[in-house]
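K.L.:
I'd like to go over a predicted model; first the sequence, then the structure.
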Number of protein chains: 2
Amino acid sequence: MPEEIRAQFEDDRIRLGPEALPELFEQGYFGRPKGKGLELSLVEAAYLLDRSRIKIMRNEKELDFRSFFQAASSMEKGFEFRYVVYKDLRERGYYVQPGRPDFRVYPRGGHPGKGPAEFYVLVISERNPLPLKDIMEPVRLAGQMRKKLMLAIVDEESDITFYEARERSMAGMMAGLENGGMATLLEDRVVLWDTEASRLLHESGFFGKPVGERLQLSLVESAYLLEKGKLQLTDRQGRPVDLPALTARAEQIDEDFELKLGAYRDLREKSLVVKTGFKFGTHFRVYKQVHGTLKVPHSEYLVHAIPLDHVFMPPVLSRAVRLAHSVRKLMVFAYPDDGIGYLEIKRLKP
Amino acid sequence: MPEEIRAQFEDDRIRLGPEALPELFEQGYFGRPKGKGLELSLVEAAYLLDRSRIKIMRNEKELDFRSFFQAASSMEKGFEFRYVVYKDLRERGYYVQPGRPDFRVYPRGGHPGKGPAEFYVLVISERNPLPLKDIMEPVRLAGQMRKKLMLAIVDEESDITFYEARERSMAGMMAGLENGGMATLLEDRVVLWDTEASRLLHESGFFGKPVGERLQLSLVESAYLLEKGKLQLTDRQGRPVDLPALTARAEQIDEDFELKLGAYRDLREKSLVVKTGFKFGTHFRVYKQVHGTLKVPHSEYLVHAIPLDHVFMPPVLSRAVRLAHSVRKLMVFAYPDDGIGYLEIKRLKP
């Protein structure tokens, strides 16, 4: 066991002399060289203190782990979360350095000075609401730097769930759009009456749900077909219903309607097949291609439409991603952003 | 093909003569005998009309399916949903009769007059918020009548997901509670410093999460242990923290804290082991028994604490139950009600 190296706790920094460089920096990539010595973050210092690699002095007095941990935790917001994540990643054998947004992680076999970092890490407490923009900013930064973004969410019992977040482009292989003909708007759905048009629209684009020989369309399907001039819609009294009237009605029934229609339209225009994701608790399930409807393939994506100012609650995010994985689909969030942007979030097992 | 039987559409009723009794009631259990003839609900009539078993006259004029469907849909709120569910269950070969809350369904091989109904059916639109009390009332009614309650949720594309809802009693096999000793309240969790007490508390009751040789406890675990006199809690400056102070702090951090603590306490008092359900997007995962912590068994339940005035959003309910099934657990909602009541909701495949 090497002797513990003496560190000075001054203000919010941990400083060590030149003797720390060969042992802590060159061997373990702890800290950053500063002047002739080494400087550690509070998290790094707590980790090394717990492993008896350093001892920490403040005003000539040695601090035990408890005292140091309490002091660091008072000093630095989120210290406990970062400590739990740092310790976990280090103990899995990764080299980790403090950096934007919280840490940089090197790939297995890599380390600072030998190849680039693989991940940027954003540490999140289960309890803290997480605005979309707080994910998109590091997602884009990571994308520009050719890194991946790792989200490390610490739950109330200090267990960590790791996710990867990235921008995603969506594309499918379905083209063409059949005509639906005459249709009636009922309470919150639309019925197509022509049995042949019903069959064609369902077979070719997987629109609607056959109920007997007629097709029931959802509001979002109906609005899209109406936009495209593929539907002649009336109300139950036979009066014509145009797109603004349908949209106004749909917004009364479903406050997410406009958001959903924006994502639905974009996905259909990108040649994907879009159906309700109700059974999965999301807005849509999405297929790259459907050949007829006798044998419907596995849908690849679950897509949930969110506004640009959306704030994720980590437990809800966790549930959505967990559920998508359990049914072998990718969880994608669609947000309006100069067109529609797509954010994919998936579990990582580091 | 038997000839279509003539039915009269008067006000909101469909009336048929005595000739309908042998063919529709005695063979198919459609409608209810009334005077010398038969009376059908609008949903039954639409089903029989679509199958060309009856023809429907109003003011001497015959109505086609489209006209009748539009009229019925204007007249009866939720008609489309009930029609879709009725048709689905009939086509699966079940005898279905109108009744409280929406339908009664007979078991396979059973029918009205031969044994009792098996299910009461509550039809729900995906879009309609569903207050807890609107489930508990039929759950209790069904329980008293020794029936099961089926929830049939119709999504925006007219697909149906079936659930069974029932009251559940919860019980486990874990007894005894170790002492945790000195502990410090940090930002939103508690650290136990004594390594032996940490080990015992974790091993015997699966409390907390070991971080190094110390235990981190969640706020709800800490509050429960503090209630039980098993913890001496201080803040980072060493000042004592009592239960009211901890609870007040916890409620600032987690607005569901009191709800969660109520369910947590009740489950622990019922000898169950309760841990966070974060990874599943619920408040808790619950074990009947845990022997040591080297080999943690499968947890049987996911439990989410809700207030008595809770309103379910069907897509959120659907996601919770779907996720619980995908990890082979039962989804249980805990609500305060003269103690804590438990509502189990699971998928049904009729």
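P.N.:
Here it is on my side, so go on. Numbering: from 1, shown residues only, chains lettered A, B, ... in the order given.

K.L.:
A:Glu39 pairs with what?
P.N.:
Per DSSP bridges, the residues bridged to A:Glu39 are A:Arg15, A:Arg32.

K.L.:
Surely A:Ala320 touches A:Met331?
P.N.:
Yes. Counting by C-beta atoms under 8 Å, A:Ala320 touches A:Met331, with 5.5 Å between them. Every C-beta, even on glycine, is put in place using the N, C-alpha and C of the backbone.

K.L.:
Return every residue with contacts to both of the two.
P.N.:
A:282, A:302, A:304 (C-beta atoms under 8 Å, 6 or more residues apart in numbering or on different chains).

K.L.:
what sits up against the one helix or strand the last one maps to?
P.N.:
Secondary structure from DSSP states H and E places A:His304 in strand A:301-305. Outside of strand A:301-305, the residues that reach it under the criterion C-beta under 8 Å, 6+ apart are A:170, A:256, A:259-260, A:262-263, A:267, A:274, A:277, A:280, A:282-286, A:320, A:323-324, A:327, A:329-335, A:342.

K.L.:
Can you give me the distance of the residue of the stretch 151-300 of chain A at minimum distance from chain B to A:Glu213?
P.N.:
Closest approach between the stretch 151-300 of chain A and chain B, counting by C-beta to the nearest C-beta: A:Gly281, at 2.3 Å. When distance is defined by C-beta to C-beta, to the nearest Å, A:Gly281 is 31 Å away from A:Glu213.

K.L.:
Looking only at neighbour counts, state which of the two leads.
P.N.:
A:Gly281 (25 against 13; other C-beta atoms under 10 Å in any protein chain shown).

K.L.:
residues contacting the more buried one?
P.N.:
Contacts of A:Gly281 by C-beta under 8 Å, 6+ apart are A:319-320, A:323, B:315-316, B:318-320, B:322-323.

K.L.:
Can you lay out these as a markdown table showing secondary structure?
P.N.:
Putting the contacts of A:Gly281 into a markdown table (DSSP: H, G, I helix; E, B strand; the rest coil) gives the following:
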| residue | secondary structure |
| --- | --- |
| A:Arg319 | helix |
| A:Ala320 | helix |
| A:Leu323 | helix |
| B:Pro315 | helix |
| B:Val316 | helix |
| B:Ser318 | helix |
| B:Arg319 | helix |
| B:Ala320 | helix |
| B:Arg322 | helix |
| B:Leu323 | helix |
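
K.L.:
residues contacting the residue nearest to A:Gly180 when sequence neighbours are not counted?
P.N.:
Nearest residue to A:Gly180, sequence neighbours excluded (C-beta to C-beta, 6 or more residues apart in numbering or on different chains): A:Leu231, at 4.7 Å. For A:Leu231, the contact set (C-beta under 8 Å, 6+ apart) comprises A:180-181, A:183, A:190, A:192, A:222, A:225.

K.L.:
What are the phi and psi values at A:Leu231?
P.N.:
Per-residue torsions, A:Leu231: phi -150, psi 140 (degrees, to the nearest 10).

K.L.:
next one: A:Lys346
P.N.:
Dihedral angles for A:Lys346 - degrees, to the nearest 10 - are phi -130, psi 160.

K.L.:
which residue packs closest to it, ignoring adjacent ones?
P.N.:
A:Glu164 (5.5 Å).

K.L.:
go on, A:Tyr94?
P.N.:
A:Tyr94's closest residue in space is A:Val105 (C-beta to C-beta, 6+ apart), at 5.2 Å.

K.L.:
The closest residue to A:Ser169 other than its chain neighbours: neighbour count?
P.N.:
Nearest non-adjacent residue to A:Ser169, counting by C-beta to C-beta, 6+ apart: A:Tyr342, 7.1 Å away. Using other C-beta under 10 Å, the number of residues around A:Tyr342 comes to 20.

K.L.:
for the helix or strand harbouring A:Tyr342, packing partners?
P.N.:
Here A:Tyr342, judged by DSSP H and E, is contained in strand A:340-348. With contacts taken as 3 or more C-beta pairs under 8 Å, 6 or more residues apart in numbering or on different chains; DSSP states H and E, strand A:340-348 sits against helix A:132-144, strand A:160-167, helix A:257-269, helix A:314-326, strand A:330-336.

K.L.:
Can you redo these as a markdown table, where the extra columns are mean pLDDT?
P.N.:
Formatted as a markdown table, the helices and strands packed on strand A:340-348 follow (pLDDT from 0 to 100):
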| stretch | mean pLDDT |
| --- | --- |
| helix A:132-144 | 95 |
| strand A:160-167 | 96 |
| helix A:257-269 | 97 |
| helix A:314-326 | 92 |
| strand A:330-336 | 97 |
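
K.L.:
In helices, which of the contacts of A:Leu231 fall?
P.N.:
Of the positions in the contacts of A:Leu231, A:222, A:225 sit in helices, assigned by DSSP state H.

K.L.:
which of the contacts of A:Leu231 tops the neighbour count?
P.N.:
A:Gly180 (29 neighbours).

K.L.:
Was I right to think it contacts A:Lys230?
P.N.:
Yes. At 5.4 Å, A:Gly180 and A:Lys230 qualify as touching, with contact defined as C-beta under 8 Å.

K.L.:
got any residues that touch both of the two?
P.N.:
Contacts common to A:Gly180 and A:Lys230, judged by C-beta under 8 Å, 6+ apart, are A:Leu201.

K.L.:
show me what contacts A:Pro350?
P.N.:
Counting by C-beta under 8 Å, 6+ apart, A:Pro350 has contacts A:89, A:92, A:94, A:105, A:150, A:162.

K.L.:
distance of it from chain B?
P.N.:
Taking C-beta to the nearest C-beta, to the nearest Å as the measure, A:Pro350 falls 15 Å from chain B.

K.L.:
Leaving aside the residues adjacent along the chain, what's closest to the residue of the stretch 151-300 of chain A closest to chain B?
P.N.:
In space, and not counting its chain neighbours, A:Gly281 is closest to B:Arg319: 2.3 Å by C-beta to C-beta, 6+ apart.

K.L.:
What's the local residue count around that neighbour?
P.N.:
With other C-beta under 10 Å as criterion, B:Arg319 counts 23.

K.L.:
quick one: it and A:Ala320 touch, right?
P.N.:
Yes. Here B:Arg319 reaches A:Ala320: they are 7.4 Å apart, a contact under C-beta under 8 Å.

K.L.:
Quickly list what's touching both of these two.
P.N.:
By C-beta under 8 Å, 6+ apart, the residues touching both B:Arg319 and A:Ala320 are A:281-282, B:281.

K.L.:
out of those residues, which one sits closest to A:Ser52?
P.N.:
Of all those, A:Ser52 sits closest to B:Gly281, with 39.2 Å by C-beta to C-beta.

K.L.:
ok, A:Pro18 - how many residues close by?
P.N.:
Around A:Pro18 there are 11 residues (other C-beta under 10 Å).

K.L.:
Which positions in the stretch 201-350 of chain A make contact with chain B?
P.N.:
Residues of the stretch 201-350 of chain A lying near chain B by C-beta under 8 Å from any C-beta of the partner chain: A:208-209, A:211-212, A:216-221, A:236, A:253-254, A:275-276, A:278-282, A:314-316, A:318-320, A:322-323, A:326-327.

K.L.:
Swap in 7 Å and give it another go.
P.N.:
Residues of the stretch 201-350 of chain A lying near chain B by C-beta under 7 Å from any C-beta of the partner chain: A:208-209, A:211-212, A:216, A:218-219, A:236, A:253-254, A:275-276, A:278-281, A:315-316, A:318-319, A:322-323, A:326-327.
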